[in-house]
Structures are given as C-alpha cells and as structure tokens.
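Peer 1: Any chance you could fold what I've pasted below:
(one chain, ligands or ions: 1)
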Amino acid sequence: MTAEIVSVGTELLLGQIVDTHAPVMARILAECGIGCTRRVTVGDNWERLVATLKEGLDRSDILITIGGLGPTVDDLTRDAIAAALDDSLEVVPEIEDRLRLFFSSRNIPWNPSIGRQAQKPRSATLIDNPNGTAPGLFCQKNSKSVIALPGPKGEFNPMAHGRVKELLSRMEGDRVIHSRTLKIIGMGESTVEERVRDLMDSDSPSVAPYAHTGEVHLRLTAKASSVQGADEIIDPIDAKIRERLGDAVFGIDSDTVESKVIDLLKAHGKSLAVAESMTGGELGARLTMVPGSSKVFLGGGIVYSPRAKSELAEVSTSSLDNFGPVSREVASELAEGIRKKLGADFAIAITGNAGPDVDRGDQPVGQVYLALAEEGRVVVEESLYRGVREDIRRRATQQALLMIRQRLLRGNR
Ligand code: ATP
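Peer 2: Coordinates of the predicted model:
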C-alpha cells in the first residue's frame, strides 16, 4: 500500500512559509507501515490542483492533502477532491447549523463562503476538528482513499496524530515501518560505505547512509507487525556494523556526540573546561545543552581577542606576538591556562581562522588548532578545513568533541 502527500498553498510554493506538516505526515505513514512514495506541493490553482490529485489517485492507494479547507476563495481542496473523485458535493446540515451558531455568537454575518466548510464530497465522512471550523475529510471510492487535513498547526497536529493515524494504522493491517539511525564520528562517508557496502544491498532492514558535518549516519529500516518485531530484524545488522566500525559508532537516534562526551566524563569522574576563540562559545553551548552537564563541565572563556586570551587564560604576550593568535603555541597555552584557572582535569582550546577574510600575515582560512590539556601533558592538533565560516566553526567544534571522546575512550595514549 502506498501513499502520496499533497501540500496545498501558494505561500508554500513561494517559500513564504515552510512546509512543516508534510514531514510529520510522512513519519505517521511510516509508523503505520505505509510507504510514502511522493510528496508534492501545489499552489491554490484549480486546474493544477485537480490534475495533481487525479495523477496521485492513478498512482497510489492513499492521497493525503494538507491545507486549503478554509472558507476563502483560494481554499479549493474540498472541491478539488470532489472533482478528482468525480463526486458531487453535498451540504452536511449539522455542520452548517454548528457554523451558523459559531459565527452568530461572534456577531459575524453569515455568507455563502462560510457555508462551503459545511460541504463534503459524497463519498466522504467527516473528521472532527474541535480546534477549528473546517472538519477534515476521509473519502473512500473505487478502492482509493483521500484524507484531507486543515493547514493551521493547532488543527493539523491533533487531527494527524489522532483520528488520521488511527485510520491509517488500520489500512495496512497494523504494520509499522521502524528505523534506527546509527551515528558515526571520526570516519569519512566513503570509508563507512566501503566497510558496510555489502550490508547496503539488504532490503530488510534497508541500510542508507547520510553525511552530516563531521558525522555519518546509517539509517536501518525494517517493516514488521510491531516496533519490537522491526527491532529484531534490525539488531543483527546493527551488531555487524558495530563490529566493522568499532567505537566510531557513538550512538543512535537522538544521541549527540556532546551527550556521549558528558556521559564519558561522568563515567571517568573527570571535569572539563574550554577556551574558545574562533568558535565563540559553540562548544560550550553544545555541552551545556546536555541535561546534567554541570556535574562535569566547569565552563571556560570566549577568548576572542588577544586581551581575553591573556587575561582569561594566561596566554603570554610573547607567544601572541611571536606566533600569532592562530598558532600551535597559543592553542596549547590557552588549554593549559584555562585548565589551571578552573582546576579542571581536562581543557580544550580552539583557535583558528574561520574567514572569509585573511589579513596579511594571517593563517589561511580554515586553519584551526585544537589543544587538549591535562595534568602534565598538552596535545595539539592542526587542521585545514574547507567551507564557509559556519562550516569551519562547526567542524572545529565537532573535532574538539571527537578529541576529548577519543582521549576518554582510549586512555592515556
Ligand atoms: P483556514 O481555515 O485557516 O483557511 P486551511 O485548511 O484552508 O485553513 P490554509 O489556508 O491552507 O489552511 O493554511 C492556513 C495556515 O496554516 C497557513 O497560513 C500556514 O500558517 C499553515 N499551514 C498550511 N499548510 C502548512 C504546511 N504544510 N506546513 C506548515 N504550515 C502550514
């Protein structure tokens, strides 16, 4: 059984609002074991909307429309569904009575366009909408189903997660499509693919790679009669992947590398401080997003200017003058300086040039030094990243998290 999602509205098409509802609907379809084969956005144009619905009905078992159920002239979805199904429209008297009462209680004069919301295609049953005036629609005709939901978030969400999910879950005989995402750090996409390529031919579970800044994700998806059943299909492949990639797999689903670093610090009973120049607090922000991080993350400094580097992290003026702020020596002194100042077990420093400009005598754009200090030792890593300012900052933060993670996982090597 397959479904298509049709988001209706010119403002979506023009990019004036972002379609946040279609992904919600796609996830619900997956949870109900129904494959979503296409997502389309169409403007408030009668011919194109009817044509889109007809094409969708030719291809798929279920069409889900979002938006365009309201009272204004550009709300065409109800009429277009009737046209695509070759159905007539009929008035539902109870809904019309309810609407008349609603509008008269607000002193809004009745007009025929309000009355359109009390109409439905003949083959439709109504889906109650306690949060708005336009009900949703569930049409069944010629072995095809069309479900129409209203656009406003406060109406769409309860209806999608409530009655619509209930209807959909019955259609595929209580099947689920369930995914688990394995998250990988410190290994490039091509290396990951090379090591698991044979597993990517599997249909159940399917294995799909996705690259993110500094991470690779492998999504394992299976279809079964329950989430537990799908997990049983996924588990053996998950185990094989971990065997091949080792501790490069840092977590699953909503795990973040920073949450894993905080877990590791807690497990080792160690504390961490940071001195951030180029990343301006991004590392600290990510670490402090993790609930309970205050037990191991002490804080640090945004040591952006040379003065901040000297005053907050005791970097010597001679190092700043001789080597420049973006240098191995300054990174090292920053890490050791902040570590001592805060009495932390570990400290990370980040200094670099995120661009886009290079002043004369500066290091090239993308040049980054990361330092990890601990009692009696400072390790400095030098990298040259490509990309725009945002990418370079993100990569440096990610690499800093990888550096402390590896130190904690692999011990004092
Ligand atoms: P109304 O009764 O308000 O006219 P409707 O069902 O006709 O409801 P639309 O007019 O298409 O819905 O959209 C109303 C509002 O809902 C939009 O302005 C937008 O804020 C939101 N909306 C509609 N579709 C989407 C979508 N796909 N994703 C996110 N928001 C949406």
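Peer 1: Can you name the residues bridging to the residue lying closest to residue 87 once chain neighbours are set aside?
Peer 2: Once flanking residues are discounted, residue 87 sits nearest to residue 121: 4.0 Å by C-beta to C-beta, 6 or more residues apart in numbering. Yep, even glycine has a C-beta here, placed from its N, CA and C like the rest. For residue 121, the beta-bridge partners under DSSP bridges are residue 89.
Peer 1: what separates residue 121 from residue 137, distance-wise?
Peer 2: Between residue 121 and residue 137 the computed distance is 7 Å (C-beta to C-beta, to the nearest Å).
Peer 1: For the two, list the residues in contact with both.
Peer 2: Common neighbours of residue 121 and residue 137, counting by C-beta atoms under 8 Å, 6 or more residues apart in numbering, are 78, 81.
Peer 1: Up against the ligand, what does the stretch 101-250 of the chain have?
Peer 2: Contact residues, the stretch 101-250 of the chain versus the ligand (C-beta under 6 Å from any ligand atom): 134, 150, 151, 152, 153.
Peer 1: Which of these fall within helices?
Peer 2: residue 153 (DSSP state H).
Peer 1: where do the helices sit along the stretch 1-150 of the chain?
Peer 2: Applying DSSP state H, counting those that start in this stretch to the stretch 1-150 of the chain gives helices spanning 10-13, 21-31, 46-59, 77-84, 93-105, 112-115.
Peer 1: give me the number of residues near residue 31?
Peer 2: 17 (other C-beta atoms under 10 Å).
Peer 1: Kindly report the same for residue 208.
Peer 2: 13.
Peer 1: Please, which helix or strand holds the nearest residue to it once chain neighbours are set aside?
Peer 2: Excluding its sequence neighbours, the residue lying closest to residue 208 (C-beta to C-beta, 6+ apart) is residue 219, at 4.8 Å. Here residue 219 sits within strand 215-224, counting by DSSP states H and E.
Peer 1: Check the secondary structure at the residue in the stretch 301-413 of the chain positioned nearest to the ligand for me.
Peer 2: Among the residues of the stretch 301-413 of the chain, residue 390 lies closest to the ligand, at 25.5 Å counting by C-beta to the nearest ligand atom. Put simply, residue 390 is helix when judged by DSSP: H, G, I helix; E, B strand; the rest coil.
Peer 1: what kind of secondary structure is residue 356 in?
Peer 2: Assigned by three-state DSSP, the conformation of residue 356 is coil.
Peer 1: Not counting sequence-adjacent ones, nearest residue to whatever residue of the stretch 51-200 of the chain ends up closest to the ligand?
Peer 2: The minimum distance from the stretch 51-200 of the chain to the ligand, using C-beta to the nearest ligand atom, falls at residue 70 (2.1 Å). Using C-beta to C-beta, 6+ apart and skipping the chain neighbours, the partner closest in space to residue 70 is residue 134 (5.7 Å).
Peer 1: again, but for residue 217
Peer 2: Leaving aside its chain neighbours, residue 217 sits nearest to residue 210 (4.5 Å; criterion: C-beta to C-beta, 6+ apart).
Peer 1: quick one, the helix or strand that neighbour falls within and strand 215-224 angle?
Peer 2: Residue 210 is located in strand 206-212, with elements delineated by DSSP H and E. Counting by axes from the mean of the first three to the mean of the last three C-alpha atoms, to 10 degrees, strand 206-212 points 150 degrees away from the direction of strand 215-224.
Peer 1: for strand 206-212, packing partners?
Peer 2: Counting by 3 or more C-beta pairs under 8 Å, 6 or more residues apart in numbering; DSSP states H and E, the packing neighbours recorded for strand 206-212 are helix 189-196, strand 215-224.
Peer 1: partners of the longest one, with directions?
Peer 2: According to DSSP bridges, strand 215-224 has the following sheet partners: strand 176-185 (antiparallel), strand 206-212 (antiparallel).
Peer 1: got a markdown table for the ones you listed, with mean pLDDT too?
Peer 2: As requested, the strands paired with strand 215-224 are exported to a markdown table (pLDDT from 0 to 100):
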| stretch | mean pLDDT |
| --- | --- |
| strand 176-185 | 92 |
| strand 206-212 | 89 |
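Peer 1: now, of those, which is deepest in the fold?
Peer 2: Highest mean neighbour count among those (mean count of other C-beta atoms under 10 Å): strand 176-185, with a mean of 21.
Peer 1: Centre of the chain to it, how far?
Peer 2: In terms of C-alpha atoms, centre = their mean, to the nearest Å, the gap separating the centre of strand 176-185 from the centre of its chain is 13 Å.
Peer 1: So which bits of the strand holding residue 219 are buried?
Peer 2: Applying a neighbour-count criterion of 16 or more other C-beta atoms under 10 Å, one finds 215, 216, 217, 218, 220, 221, 222, 223, 224 buried in strand 215-224.
Peer 1: ditto for stretch 61-77
Peer 2: Applying 16+ other C-beta under 10 Å to stretch 61-77 flags 61-71, 75-77 as buried.
Peer 1: which residues of the stretch 151-300 of the chain fall in strands?
Peer 2: Ranges of strands within the stretch 151-300 of the chain are 176-185, 206-212, 215-224, 249-252, 272-276, 297-302, based on DSSP state E, counting those that start in this stretch.
Peer 1: Quick one: end-to-end length of stretch 205-222, please.
Peer 2: 4 Å (C-alpha to C-alpha, to the nearest Å).
Peer 1: for the stretch 251-400 of the chain, which spans come out with low pLDDT?
Peer 2: 359-361 (pLDDT under 70).
Peer 1: if you set the cut-off to 50 instead, what comes out?
Peer 2: Applying pLDDT under 50 to the stretch 251-400 of the chain picks out no residues at all.
Peer 1: ok, the closest residue to the ligand within it to residue 396 distance?
Peer 2: The stretch 251-400 of the chain approaches the ligand most closely through residue 254 (22.9 Å), counting by C-beta to the nearest ligand atom. To residue 396, residue 254 is 24 Å away according to C-beta to C-beta.
Peer 1: can you tell me the helix or strand for the closest residue to residue 378 other than its chain neighbours?
Peer 2: In this structure, residue 378 finds its nearest non-sequential neighbour in residue 332, 4.7 Å apart by C-beta to C-beta, 6+ apart. Per DSSP H and E, residue 332 falls inside helix 328-342.
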